[in-house]
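Novice: predicted model and sequence follow; I will ask about them next.
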Amino acid sequence: MSNDKKQTDNLIVEQILNNLPELPSMPAIVAQALNLIDDPNTEVKQLADVLSKDISMTTQILKLVNSAYYGFPAQITSINKAMALLGFDKIRTLILSVAVKPMMMSYSGKALWNHSIRCAVGAHHISKSLNYGDPDEAFVMGLLHDIGRTVMQIYNKNAYSEIDKLVAIGADVLEAERTFYGFTHTEMGKALVQKWKLPLIIGIAAQHHHNPLEAEETVSASIVYVANQITQEQLKYPVFNNEIIDSFDYEIQNPDALREEIFELSKPIIEVLS
Ligand SMILES: [Fe+2]
Ligand SMILES: [Fe+2]
């Protein structure tokens with residue numbers, strides 16, 4: 001694609017993003033909590049104070065912390081205790097999951113939400129087994145990889161239904177999106193992640209989860225690529241591009257078993273946040 005064309009596309013994406021009245025902004029408490037987490041001087045009590053202003057957020061976080069995903073032997077009843085046990089990085093993934101759910105669920109539906117949680121769990125799992133990057137950051141990359149799709153659905157739901165139909169009969173999702181909207185969910189995802197002021201690497205993963213070898217940081221994008229492929233609902237037998245798989249040191253001996261495992265690991269989170 002020429003640079004001129006790319007710039008026009010970016011402009012369209014920005015314009016839509018900035019003029020979409022229905023687009024939920026990050027709730028103030030979430031933004032405040034994320035800022036506190038990023039500040040190395042923050043103490044547990046400060047963050048707990050902010051979070052406790054949002055009862056629903058606190059309740060859901062505690063449910064997640066007590067879910068089988070974390071497998072703590074004893075019940076954790078306070079947000080302070082949860083933070084001490086899990087650490088800020090994991091709390092960040094929980095805050096974002098709880099915050100993004102209503103938007104994704106109401107505009108894109110349960111299927112995309114479940115896929116996003118599975119992709120998050122998958123990316124966390126792969127990052128950990130590869131011993132590459134920060135698994136909690138990988139979780140957020142997986143969680144938000146398709147968020148651009150939600151923005152497109154907020155913008156024009158009918159056009160997206162047409163894309164879904166075309167993809168179901170074999171069309172390439174990015175090509176179909178470009179035809180109907182003039183941009184793709186990967187471009188929109190990156191723009192939204194930037195608007196929300198999340199780390200750049202999360203935007204890169206959103207932008208390149210379909211073509212990770214073109215990313216500025218190929219390994220993280222490839223991790224999300226694998227997690228995305230393996231958690232496709234309709235694709236019972238995950239298919240990978242060999243060039244991508246060979247480019248990083250991740251051996252997938254049994255894709256079906258890995259898929260099973262990730263679906264199983266995700267169940268408790270999906271149950272809490274459904
Ligand atoms: Fe995608
Ligand atoms: Fe996806």
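Specialist: Yep, that arrived. Numbering: from 1, shown residues only. Ligands and ions are numbered 1, 2, ... in the order given.
Novice: so what does residue 131 have for phi and psi?
Specialist: When read as degrees, to the nearest 10, the backbone of residue 131 gives phi 60, psi 40.
Novice: in the one helix or strand residue 29 maps to, what's buried?
Specialist: Per DSSP states H and E: residue 29 is located in helix 28-38. Using 16 or more other CB atoms under 10 Å as the test for burial, helix 28-38 gives 29, 30, 32, 33, 34, 36, 37. For the C-beta atoms, the positions are set from N, CA and C on the backbone; glycine is no exception.
Novice: now do the contacts for the third one.
Specialist: Think residue 32. Neighbouring residues of residue 32 by CB atoms under 8 Å, 6 or more residues apart in numbering: residue 50.
Novice: one more pass at 10 Å, please.
Specialist: For residue 32, the contact set (CB atoms under 10 Å, 6 or more residues apart in numbering) comprises 26, 46, 47, 50, 51, 53.
Novice: separation between the first one and residue 130?
Specialist: Plainly put, residue 26 is 30 Å away from residue 130 if you go by CB to CB, to the nearest Å.
Novice: of the contacts of residue 32, which is the nearest to ligand 2?
Specialist: Among the contacts of residue 32, residue 26 lies closest to ligand 2 (CB to the ion), at 21.5 Å.
Novice: identify the residue nearest that closest one in space, chain neighbours excluded?
Specialist: residue 196 (5.3 Å; CB to CB, 6 or more residues apart in numbering).
Novice: wait, doesn't the one you found sit right on residue 203?
Specialist: Yes - Residue 196 lies in contact with residue 203 (CB atoms under 10 Å); the separation is 9.3 Å.
Novice: between the two, which contacts overlap?
Specialist: Common neighbours of residue 196 and residue 203 (criterion: CB under 10 Å, 6+ apart): residue 144.
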